[in-house]
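>>> Need the 3D shape of this:
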Amino acid sequence: MSEKITASVGDKQIIIETGKLAKQADGAVTVQMGDTIVIVAAVAATKAKEGQDFFPLTVDYREKAAAAGKFPGGYFKREGRPTEKEILTCRLTDRPIRPLFPKGWYNEVQVQTVLLSADGENDPDILSIVGASASLMVSDIPWAGPLGAVRVGRINGKFVANPTHGEQAESDLDLVYVGNEKDIVMYEGAAKEISEADFNAALKWAHEVIQPQIQAQKDLAAKFGKKKREITLKIVPDEILAEAKALAGDRFVPALLTPGKLAREGACNAIKEEVGAKLVEKFGVEKVTPFVINDAFYYIQKEAVRKLILESGKRLDGRDFETVRPLHSEVGILPRAHGSALFSRGETQAVTLATLGTGDDTQEFDSYTGGENTKKFILHYNFPNFSVGETGRISGPGRREIGHGALAERSIEPMIPLKDYPYAVRVTSEIMESNGSTSMATVCGGTLALMDAGVPMIRPVAGISVGICTEYGADKSISKYQLLTDIIGWEDAYCDMDCKIAGTEKGITGFQLDLKLKGLPHAIMELAVEKARIARLFILGEMAKTIATPRKDISPYAPRITTLKVNPEKIGAIIGPGGKNIKRLVEESGCEIDIEDDGTVNIFSVSAEGMKIAVDAISGMTAEAEVGKIYRGKVVTVKEFGAFVEFLPGKDGLVHISELANFRVKKTEDIVKVGDDITVKCLGVDEKGRVRLSRKAAMEDRDKEAAAAAAAPAPEA
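Residues are numbered from 1 along each chain as shown. Now for the predicted structure:
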């Protein structure tokens, strides 16, 4: 028997149903908004794998072409590896639910979302998050939900819940918000320089909007939910943990305060190896497994880091809580890149490259759920193993790299006037060193590279990450906390938040929140947003010392562009039958030519000579005959009554036999032959567009000009 429940989200309805599909899963629901429907199923293994030492949660989201009544693109006509949108939706679904599983529980969990119906207006990513929460709520899997989720837009200053794609096109905000009954759990998105005050207002508005969803899930679980299973947590025995603390003593504090990431890690690992060997000696190898050693020392280091911050007021690298690490930036560091930059913030370093492309470089992709299906601005982020001094599998970009690149891309994109900019633009970020927030270093470095490339950015963009270290009281609420500006890697690992906010001097353009907590109060988040603003303005000031505005000219290695505006009715003449004319012109000039429906013709070339060939040809193809103007043309056809001359590219006119010479011509071939270049004058154009030309009149004009030149007085010496 199925159970269905409806929740209002703004002026829309979300319908959650369970008990109808995927009944063998531990928990499964369908979630519907409009005609967009997803199924989300959750399953947990009955026991952990032997030797499992981490929580193996897999969240997967897949879109099916059939959901939109389409065939997949490509040869095989079957969905293949996940698209970037699918990967980003996986991450959106994963990040809020992950902190709510029990610590020390290592059974494998899979949460899978499949798009069953797409109406092209309502995006299914929000439904995936809601469905993940609801499927876990009705399952027997231990999980501390529920969560509510909403996308917030802002149109004409008014917040809109779950805007359609059409509405989102008019919005200056794209906020995905996830929360519980009291607090923020996760957010992500972009904006067009929204102020901090308006951003905080959007978070609070979103929190109120999601409450009906949360109540609906609680009601659904009460009616149809399974009893939560009994679980066994895998934790370090108290006696071993106590002995490890005793053996380590106070040595971890100076080790943690060692300057430099690698030196700090080395000092802590030396203590870990020494104490680990003594633990094995005392308790035996069966009790002191590698998992026990690693987990014990994670706990000890975490406790030490948090005590340093909350009790001693110290950070691992010696900074105070507001100071941004030392900054260094350069531009133009790579001779052949169209734009390049180096950006360093402490031990985080990114080399960024900007590339200008033509219309053919615009990315196109299948879009089953509506919205845009092309991208003129692309940012790719790469994180090699050497950036953290490690070895590992070398492969293509993983989910993390795609997510970080997407965050940097949406942070920068609002400041590029793509609508009026003829180039496609790509930024690649190559991380050289990593010790905290490489995605925000990518925002800064990407901005510098774009300005170095001469991309006319409206304003520079910078980003920073703010962390938090918390302590909970007896009432399970935060009793003590410390915000940390510009967190380093171990502060991210051992503390509770990674709040990334990017923007300009005028407002916020990109944001992402990850928590290890079950939620964070809005009042604390407001303080974090303000700290991010202060740090961002400081970084922007430092970046301006390197390059403050976009360069006036582009790299000599970038394609030049000339834009012509032609009568749309002339587009056919430029293209020619079967594309004959445009193909010939591209081959002759070496240019790339993009023609838009409104008559805009963009010509891209790295050669000035090739550009001239293309411009002259298109200008000629679209030019109209001017009465009285002299043309140089080629004889293309000879008839008894005269010759047809191509006086403009693709445009012929008739030189009547009587207009071939200033004497009586008996036979056309006596004067001209096919292929001859001759000078002609336009005598007129009739109502059918037929052009009358005259070789005789052109010769007479030439003779008059020569006579006038001969009669003119010689210039004085």
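>>> make it CA atoms for all contacts and neighbour counts henceforth
Fine.
>>> Which parts of the stretch 551-700 of the chain are strands?
Counting by DSSP state E, counting those that start in this stretch, one finds strands in the stretch 551-700 of the chain at the ranges 560-565, 592-595, 600-605, 630-639, 642-648, 651-656, 677-685, 691-694.
>>> which parts of the longest one are buried?
By neighbour count, and taking 16 or more other CA atoms under 10 Å as the criterion, the buried residues in strand 630-639 are 630, 631, 633, 634, 635, 636, 637, 638.
>>> what's across from the residue lying closest to the first one once chain neighbours are set aside in the sheet?
When you say that, I think you mean residue 630. Spatially, and ignoring its direct neighbours in sequence, residue 630 is nearest to residue 681 (4.5 Å; CA to CA, 6 or more residues apart in numbering). As for beta bridges, residue 681 partners with residue 630, residue 694 under DSSP bridges.
>>> Surely residue 681 and residue 629 touch.
Yes: between residue 681 and residue 629 there is a contact at 5.7 Å, judged by CA atoms under 8 Å.
>>> about what we covered before: list just the nearest of the buried residues of strand 630-639 to residue 564.
residue 631 (21.8 Å; CA to CA).
>>> My understanding was that that closest one contacts residue 645; is that so?
No: with contact defined as CA under 8 Å, residue 631 does not count as touching residue 645 (10.0 Å).
>>> chain center to stretch 526-539: distance?
Chain-centre distance of stretch 526-539: 23 Å, with CA atoms, centre = their mean, to the nearest Å.
>>> Pull out the buried positions in it.
Buried-residue list, stretch 526-539, by 16+ other CA under 10 Å: 526, 528, 529, 531, 532, 533, 535, 536, 537, 539.
>>> Tell me if I'm right that the second one and residue 481 touch.
Spelled out, that is residue 528. No: with contact defined as CA under 8 Å, residue 528 does not count as touching residue 481 (11.6 Å).
>>> that older thread, which one of the strands of the stretch 551-700 of the chain lies nearest to residue 16?
strand 592-595 (47.2 Å).
>>> Adjacent strands (with direction) for the closest one?
For strand 592-595, pairing defined by DSSP bridges yields strand 600-605 (antiparallel).
>>> any residues touching the partner strand, and which ones?
358, 422, 559-566, 590-595, 611, 614-615 (CA atoms under 8 Å, 6 or more residues apart in numbering).
>>> at 6 Å what do you get?
559-565, 591-595, 611 (CA atoms under 6 Å, 6 or more residues apart in numbering).
>>> For those, which single residue is the most surrounded?
residue 591 (25 neighbours; other CA atoms under 10 Å).
>>> and it, what is it in contact with?
Applying CA under 6 Å, 6+ apart, we find residue 591 in contact with 604, 605.
>>> what pLDDT does it get?
Residue 591 carries a pLDDT value of 88.
>>> Can you list phi and psi of it for me?
Residue 591 adopts backbone torsions of phi -90, psi 160, taken as degrees, to the nearest 10.
>>> Any stretches of this structure with poor pLDDT?
For the chain, the stretches with pLDDT under 70 are 714-717.
>>> so which helix or strand takes in residue 295?
Here residue 295 sits within helix 290-310, counting by DSSP states H and E.
>>> Partner strands of the helix or strand just after that helix, with direction?
Scanning forward in sequence from helix 290-310 by DSSP H and E, the next helix or strand is strand 327-331. Partners of strand 327-331 in the sheet, by DSSP bridges, are strand 339-345 (antiparallel).
>>> For the strand it pairs with, what is the distance to the chain centroid?
That offset, for strand 339-345, works out to 19 Å (CA atoms, centre = their mean).
>>> what does it contact?
Looking at what lies outside strand 339-345 - CA under 6 Å, 6+ apart - the contacts are 325-333, 349-354, 445, 448-449, 452-453.
>>> same question, stretch 500-513
186-195, 411, 460-465, 498-499.
>>> Report how far apart the opening and closing residues of that stretch are.
6 Å (CA to CA, to the nearest Å).
>>> buried set for that stretch?
Neighbour-count burial for stretch 500-513, with 16+ other CA under 10 Å as criterion, is recorded at 500-505, 507-513.
>>> How about stretch 476-484?
Applying 16+ other CA under 10 Å to stretch 476-484 flags 482, 483, 484 as buried.
>>> In terms of distance to residue 265, which of the residues you listed ranks first?
In terms of CA to CA, no member of the buried residues of stretch 476-484 lies closer to residue 265 than residue 484, at 20.4 Å.
>>> Please save the CA atoms from the one helix or strand the closest one maps to in PDB.
For residue 484, the host element (DSSP H and E) is strand 478-485. Once non-C-alpha atoms are left out, strand 478-485 reads as follows in PDB (Å, rounded to 0.1, in the frame of the first residue of the first chain):
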ATOM      1  CA  ILE A 478      26.500  25.600  20.600                       C
ATOM      2  CA  SER A 479      27.900  27.000  23.800                       C
ATOM      3  CA  LYS A 480      31.200  28.300  22.400                       C
ATOM      4  CA  TYR A 481      32.600  28.900  19.000                       C
ATOM      5  CA  GLN A 482      35.400  30.700  17.000                       C
ATOM      6  CA  LEU A 483      35.200  31.700  13.400                       C
ATOM      7  CA  LEU A 484      38.400  31.300  11.400                       C
ATOM      8  CA  THR A 485      39.100  33.400   8.300                       C
END
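>>> strands paired with that strand, and their directions?
Checking strand 478-485 against DSSP bridges gives partners strand 462-472 (antiparallel).
>>> which residues in the stretch 151-300 of the chain form helices?
Remark: helices assigned in the stretch 151-300 of the chain by DSSP state H, counting those that start in this stretch are 165-168, 196-209, 211-224, 238-248, 252-256, 261-283, 290-310.
>>> right, and the ones you listed - which one's nearest residue 571?
helix 165-168 (30.2 Å).
>>> Can you name every helix or strand that that closest one contacts?
Packing partners of helix 165-168 (3 or more CA pairs under 6 Å, 6 or more residues apart in numbering; DSSP states H and E): none among the helices and strands.
>>> Make residue 1 into 250 and carry on from there
Got it, first residue is 250 now, which makes that one helix 414-417.
>>> How far does that helix sit from its chain's centre?
18 Å.
>>> in stretch 353-370, what's buried?
Buried, per 16+ other CA under 10 Å, within stretch 353-370: 354-358, 360-370.
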